[in-house]
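In: Give me coordinates for this.
(one chain, ligands or ions: 1)
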Amino acid sequence: MPTNVTDNDPAQSGATATAPVDGSATEPPKKFPKGVVLGKDGKPCRSCTSFGAWASQAKATLKTSHDMSSTAPSTIASAATSSTRRTDCPADVETLGRSSWTLLHSIAATYPPAPTPTEQNDLKSFMSLFAKLYPCWVCAEDFQQYIKKEEPKTGSRDEFGNWLCEAHNEVNRKLGKPTFDCSKWQERWRTGWKDGSCD
Ligand SMILES: Cc1cc2nc3c(=O)[nH]c(=O)nc-3n(C[C@H](O)[C@H](O)[C@H](O)COP(=O)(O)OP(=O)(O)OC[C@H]3O[C@@H](n4cnc5c(N)ncnc54)[C@H](O)[C@@H]3O)c2cc1C
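Out: Numbers count the residues shown, from 1 in each chain. This next block holds a predicted model:
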């Protein structure tokens with residue numbers, strides 16, 4: 001039985017969660033709210049978890065500590081409402097994802113139309129390391145699989161931009177989101193929309 005993902009998986013990754021291999025999970029398993037994804041250390045992984053699920057587990061954690069100590073009930077309520085949440089908090093799976101796609105598509109937008117062999121190799125290396133180091137581990141494992149199956153196409157800006165758009169659409173499909181029309185990737189990420197709405 002996987003120990004890293006609670007009974008619904010917001011990442012919907014299909015990734016096989018594995019028990020921590022470093023022997024760190026010696027405590028008995030805790031019950032976390034639905035949707036909280038655990039890291040490989042057996043603790044909740046914020047960058048793998050949606051804001052909503054994270055807020056639920058923060059509320060549950062505070063409630064438990066209140067039950068065991070003297071935390072004021074008002075503290076519990078404020079920790080769980082998005083209206084009072086600061087904007088400079090660690091990234092959850094959505095904010096991390098949006099920022100990361102922005103970086104990746106912007107790299108595509110500034111990639112040369114006719115890259116040198118060195119530039120092509122640099123981009124391949126970057127994508128490979130990006131997929132390894134991506135902070136949401138369930139997302140990273142799926143993305144590594146995708147890159148293995150569909151190698152990044154780095155022959156030109158348009159080739160890479162389209163490849164990346166398809167890769168993003170694969171994640172969109174997995175999450176049940178609408179797919180993006182890849183013929184418009186340059187308008188979205190490089191030139192701005194033809195109607196001038198980005199000018
Ligand atoms: C490599 C990677 C893997 C991820 N894996 C997971 C995962 O397994 N589980 C999970 O829960 N989250 C995952 N995410 C995060 C997820 O993809 C979204 O970023 C997150 O859910 C926020 O979605 P969003 O609706 O704000 O738009 P995003 O998907 O973040 O897209 C941002 C903007 O990009 C544009 N866009 C959308 N699709 C495309 C496309 N195909 N081509 C070009 N532009 C497009 C749209 O204008 C959109 O508003 C992953 C992110 C990355 C970078």
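
In: From here on, just use CA atoms for contacts and neighbour counts.
Out: OK.

In: worst-scoring helix or strand of this structure, pLDDT-wise?
Out: Within the chain, confidence by mean pLDDT, DSSP states H and E is lowest for helix 73-79 among all helices and strands, at a mean of 49.

In: can the helix or strand following that helix be found next to the ligand?
Out: Proceeding N to C from helix 73-79, the next assigned helix or strand is helix 93-110, under DSSP states H and E. Yes. For helix 93-110 and the ligand, the contact criterion (CA under 6 Å from any ligand atom) is met by Val93, Glu94, Gly97, Arg98, Ser100, Trp101.

In: which bits of the protein sit near the ligand?
Out: Counting by CA under 6 Å from any ligand atom, the chain sits next to the ligand at 10-13, 93-94, 97-98, 100-101, 138-139, 143, 165-166, 168-169, 171, 179-180, 185.

In: In helices only, show me those.
Out: When the residues of the chain next to the ligand are checked against helices (DSSP state H), the matches are 93-94, 97-98, 100-101, 138-139, 143, 165-166, 168-169, 171, 185.

In: end-to-end on stretch 181-199?
Out: Start to finish, the residues bounding stretch 181-199 are 21 Å apart (CA to CA, to the nearest Å).

In: what comes up buried for that stretch?
Out: Cys182, Lys184, Trp185, Gln186, Arg188, Trp189 (16 or more other CA atoms under 10 Å).

In: Give me the buried positions along stretch 91-110.
Out: Ala91, Asp92, Val93, Leu96, Gly97, Leu104, His105, Ser106, Ile107, Ala108, Ala109.

In: Would you point out the most distant pair within those?
Out: Among the buried residues of stretch 91-110, the pair separated by the greatest distance (CA to CA) is Asp92 and Ala109, at 25.6 Å.

In: Show residues contacting the helix or strand hosting Phe130.
Out: In the assignment (DSSP H and E), Phe130 maps to helix 117-133. Residues from elsewhere that reach helix 117-133 (CA atoms under 8 Å, 6 or more residues apart in numbering): Ala140, Glu141, Phe143, Gln144, Ile147, Pro152, Thr154, Gly155.

In: repeat that with 7 Å
Out: Ala140, Phe143, Gln144, Pro152, Thr154, Gly155 (CA atoms under 7 Å, 6 or more residues apart in numbering).

In: what about this structure, any weak spots by pLDDT?
Out: The chain contains residues with pLDDT under 70 at 1-30, 63-82.
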